[in-house]
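[1] Okay, sequence plus prediction incoming.
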Amino acid sequence: MANSDEERSAHDLIAQERPSHERPLQPRTDERPEQRSHQERWLRVKDRLRAEVGEDIFTSWFARMEPEGIDGDTVRLSVATRFLKTWIQSHYGEKVLQCWQAETPALRRIDIVVRSAVIRSTSTAAKAPEAATPARESQAKTDSAEPRGFAAHVSSSQEAHGGSPLDPRLTFDSFVVGRSNTLAHAAAKQVAVARRNDPVMFNPLYIHAGVGLGKTHLLQAIAWMGNTQPDRKVLYLTAERFMYGFVSALRSQTAIAFKEALRGIDVLVIDDLQFLQGKSTQAEFSHTLNSLIDGGRQVVIAADRPPLDLESLDERVRSRLAGGLVVEMGSLGEELRLEILNSRVALARMHHPGFDVPQAVLAYIARSVTHNGRDLEGALNRLLAHSKLTGQPVTMDLAEREIRDLIRPQEPKRVKIEDIQRIVARHYNVSRGDLLSSRRTANVVRPRQVAMYLAKTLTLRSLPEIGRRFGGRDHTTVLHAVRKIENLVGNDSSLAEEIESLKRQLQE
């Protein structure tokens, strides 16, 4: 049992690392065809485990767990680090076993091992499969022949400063740029190429997007490229690792050294800020953020939502984050998804020259797999595994069969409170400032109540958060507005039609 809020928070959320933005396209060399049934059972076990522990805990602790096989009454599983092994054995061992027993009742125990990570330094991917021109071939040879010494140097530097591991594949060269991520890519590249004493253009740089849209890829690319600058210290940290480092420093009474080390960094890169928990940890993060920015050092942050939507963070921290350059990475359009697939096929061919996916199949995947980039990687992984294990060519029938579970229903558009305020204000011919003001005239009160009602029904924001976003109102005011509109909609068909019209506009 942890002895403080920070320790509990760290224990709840500290996973050694999040799942990589990109999965390796090379299958395990020791995988046999008969293991397919184990993989299928593992998919069902993961679904049970996800339902038991919730999506956040599953993503933090179990997303990188893999089945290694079943031996008698024992199922053997592997994880990436000793930390994960120890924590899962201590806190979730029984639960994992129960989920396996639901599929295979004869099992009596689980054996968790740490797999050795062999990472190839494939830092540059061709941008399209037809890129076999002499110039590109020469470039590819140069990139693939890049000495491993640089990657080892950067990795050891990260480890020495308490940083999170970097994936050599996540570079600017392998990042595919499209309309939805152009600004984020340009801003990240600007940060990465800046020299140590250059003036900071925007600080902090805050990038937000949904799962699998490329945030981690960009942040790790900054760390890789930034570390090529002489005498420039660039540190990549997940929020979990920041919490773990801070809690460990408190326990070992080295908190001052921890603070000084962080504040000596030239570029501090923090990923998954939404997981930052604990009052003392947040206070230390706030002090570090202010110290670095005031000292002209660069800070780069990524999260799954805008700064003002991070309700668990102190308002002063949210305000400081919002004062920099805030960039949203949108969903991947079909054209960009196809470019990503072409790029990944070209990368796979560097290790598997015989691997080929017809353009019609790639177009089908790009059209059908719409959720995020990780699902695209998953689709290609399956096609590559089938090609390598069976020696059969990739066909449309194979693709349709292998990726059907990755074709998810189209999710509704994520509605933002700012959009609600803007569209409601325009519909009722008032200003957004009127909605946030203390005015009580009838021509303002009704639109304000409608906007609060829509905010409650179309977003996941809490009543206190909605009240704060509407001029600092109390949550009881929001609740009153919601109930008022609910009652009116049931008796006023004209208002009900207005509400439906506004919903359609917001969800288009």
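    Nice, thanks for sending it over.

[2] Could you use CA atoms for every contact and neighbour count after this?
    Will do.

[3] Leaving out the residues flanking it, which one is nearest to Leu336?
    Excluding the flanking residues, the one nearest Leu336 by Cα to Cα, 6 or more residues apart in numbering is Gly178, at 5.7 Å.

[4] now that neighbour: how far from Arg305?
    From Gly178 across to Arg305, the span is 20 Å (Cα to Cα, to the nearest Å).

[5] Ser319 too?
    Distance, Ser319 to Arg305, by Cα to Cα: 14 Å.

[6] Could you tell me the backbone phi and psi angles at Trp205?
    For the record, residue 205 is Leu, not Trp. Dihedral pair for Leu205: phi -90, psi 120, per degrees, to the nearest 10.

[7] tell me the contacts of it?
    If a contact means Cα atoms under 8 Å, 6 or more residues apart in numbering, then Leu205 has Ala187, Ala188, Val299, Val300, Ile301, Gly324, Leu325, Val326, Val327 as its contacts.

[8] and if you look at Ala303?
    Tyr206, Ile207, His208, Ala209, Lys215, Asp271, Asp272, Leu273, Gln274 are the contacts of Ala303 under Cα under 8 Å, 6+ apart.

[9] The fourth one touches Pro307, doesn't it?
    No - with contact taken as Cα atoms under 8 Å, Ala209 and Pro307 are classed as non-touching, separated by 11.5 Å.

[10] So which of those two has more stuff around it?
    The residue with more neighbours, out of Ala209 and Pro307, is Pro307; 25 against 19, by other Cα atoms under 10 Å.

[11] Skip the chain neighbours and tell me the closest residue to that one.
    Closest residue to Pro307 apart from its sequence neighbours, by Cα to Cα, 6+ apart: Arg318 at 5.2 Å.

[12] same deal with Val326?
    Val326's closest residue in space is Tyr206 (Cα to Cα, 6+ apart), at 4.7 Å.

[13] ok, now which ones touch that neighbour?
    Listed by Cα under 8 Å, 6+ apart, the contact partners of Tyr206 are Val300, Ile301, Ala302, Ala303, Leu321, Ala322, Gly324, Leu325, Val326, Val327.

[14] swap in Leu341?
    With Cα under 8 Å, 6+ apart, Leu341 has these contacts: Leu362, Ala366, Leu376, Glu377, Leu380.

[15] which stretch of helix or strand covers it?
    Applying DSSP states H and E as the criterion places Leu341 in helix 334-349.

[16] can I see the domain layout of the chain?
    31-114, 134-328, 334-406, 417-507 (automatic domain parsing).

[17] In the stretch 401-508 of the chain, mark out all the helices, start to finish.
    Applying DSSP state H, counting those that start in this stretch to the stretch 401-508 of the chain gives helices spanning 417-428, 432-436, 442-458, 463-469, 475-491, 493-507.

[18] would you list the ones you listed in JSON lines and tack on mean neighbour count and mean pLDDT?
    Output for those, formatted as JSON lines (neighbours: other Cα atoms under 10 Å; pLDDT from 0 to 100):
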{"stretch": "helix 417-428", "mean neighbour count": "18", "mean pLDDT": "89"}
{"stretch": "helix 432-436", "mean neighbour count": "19", "mean pLDDT": "88"}
{"stretch": "helix 442-458", "mean neighbour count": "20", "mean pLDDT": "91"}
{"stretch": "helix 463-469", "mean neighbour count": "19", "mean pLDDT": "90"}
{"stretch": "helix 475-491", "mean neighbour count": "16", "mean pLDDT": "90"}
{"stretch": "helix 493-507", "mean neighbour count": "14", "mean pLDDT": "85"}
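
[19] could you redo those as CSV and give each row distance to Glu66?
    Below are the helices of the stretch 401-508 of the chain laid out as CSV (distance: least, Cα to Cα, whole Å):
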stretch, distance to Glu66
helix 417-428, 40
helix 432-436, 50
helix 442-458, 37
helix 463-469, 39
helix 475-491, 45
helix 493-507, 38
